[in-house]
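A predicted structure for the sequence below; I have some questions about it.
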Amino acid sequence: MTTKLDNSALEQTFINARTVNKFTQQDVSDELIAQLYDLMKWAPTSMNCQSGHFVFVKSEEAKQRLKPTLMEGNQEKTMAAPVTVIVATDTEFFNHLPEQFPAVPNAKDMFASNAEFSATTAQRNSSMQGAYLIMAARMLGLDCGPMSGFDNNAIDSEFFPEGRYKSNFLINLGYGDSSGNYPRGPRLTLEQVTRII
């Protein structure tokens with residue numbers, strides 16, 4: 001039986017949470033990163049495919065490898081963030097399915113023999129897992145700055161030269177400095193974007 005979260009949890013995760021563009025220099029430990037993954041991994045993916053692949057860029061050397069792949073407007077804030085996560089897609093996710101989804105014995109072959117179906121499934125579910133990572137990070141007290149604005153081919157060449165993984169989007173992680181916040185943008189209304197039928 002599940003219980004409702006209290007308002008403070010909802011505020012921390014959704015209502016008061018926002019995209020952060022400036023972070024303090026407080027460290028994000030490797031132990032916290034492990035805790036973050038161990039929390040977000042329980043969120044659902046189709047057929048338990050778990051097509052996300054995550055590179056946590058922390059070291060100065062790795063940041064310098066990342067920097068030239070970023071649009072100029074994203075370079076300074078990303079270099080200053082304690083961690084940048086490359087959320088990528090595992091194009092061979094189906095190789096894990098015999099263990100991850102034994103309920104359908106031919107699941108691996110379903111994807112391995114259909115490139116379009118496999119690519120669509122991989123991209124959709126890695127995107128979902130990236131969103132779960134944001135929610136989990138907020139639950140653990142971290143702030144996030146998800147973004148596009150980079151050269152996918154350059155990142156893939158630099159970080160995934162074997163070709164199996166393809167970059168999807170980036171998330172800067174750390175503890176937010178509110179002095180870098182823009183005014184919060186409005187959200188579309190229920191009436192604008194939903195139908196109950």
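Arrived safely, thanks for sending.

in stretch 174-194, what's buried?
Neighbour-count burial for stretch 174-194, counted by 16 or more other Cβ atoms under 10 Å, picks out 174, 176-177. For the C-beta atoms, the positions are set from N, CA and C on the backbone; glycine is no exception.

can you list those residues in TSV and add distance to Phe160, secondary structure and pLDDT?
Conversion of those to TSV gives the following (distance: Cβ to Cβ, whole Å; DSSP: H, G, I helix; E, B strand; the rest coil; pLDDT from 0 to 100):
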residue	distance to Phe160	secondary structure	pLDDT
Gly174	24	strand	98
Gly176	29	strand	95
Asp177	31	coil	94
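
What is the nearest of the residues you listed to Asn95?
Among these, Gly174 lies closest to Asn95 (Cβ to Cβ), at 33.5 Å.

Can you classify the residue nearest to Arg65 when sequence neighbours are not counted by secondary structure?
On the basis of Cβ to Cβ, 6 or more residues apart in numbering, the spatially nearest residue to Arg65 that is not a chain neighbour turns out to be Glu158, at 5.4 Å. In three-state terms, and counting by DSSP: H, G, I helix; E, B strand; the rest coil, Glu158 is helix.

ditto for the one 4 residues further on
State at Glu162, reduced to three classes by three-state DSSP: coil.

and it, what is it in contact with?
Neighbour list for Glu162: empty [criterion: Cβ atoms under 8 Å, 6 or more residues apart in numbering].

in this protein, which residue is closest to the centre?
For the chain, Gly130 is the residue whose C-alpha lies nearest the centre (Cα atoms, centre = their mean; 2.4 Å).

mind listing what that residue touches?
The neighbours of Gly130, taking Cβ under 8 Å, 6+ apart as the test, are 52, 85, 87, 146, 168-169, 171.

Need the max-distance pair from those.
Pairwise distances across those (Cβ to Cβ) peak at 13.7 Å, for the pair Gly52 and Pro146.

looking at this, Gln26 is in a strand?
No - with the criterion set as three-state DSSP, the secondary structure at Gln26 is coil rather than a strand.

so how far is Leu32 from it?
Going from Gln26 to Leu32 by Cβ to Cβ, to the nearest Å gives 11 Å.

Quick check on the two: which one has the bigger neighbour count.
Neighbours per residue (other Cβ atoms under 10 Å) separate Gln26 from Leu32, with Leu32 holding more: 16 against 11.

you'd agree the more buried one is in a helix?
Yes - in this structure, Leu32 lies within a helix as judged by three-state DSSP.

That one touches Leu140, doesn't it?
Yes - Leu32 is within contact range of Leu140, at 6.8 Å (criterion: Cβ atoms under 8 Å).
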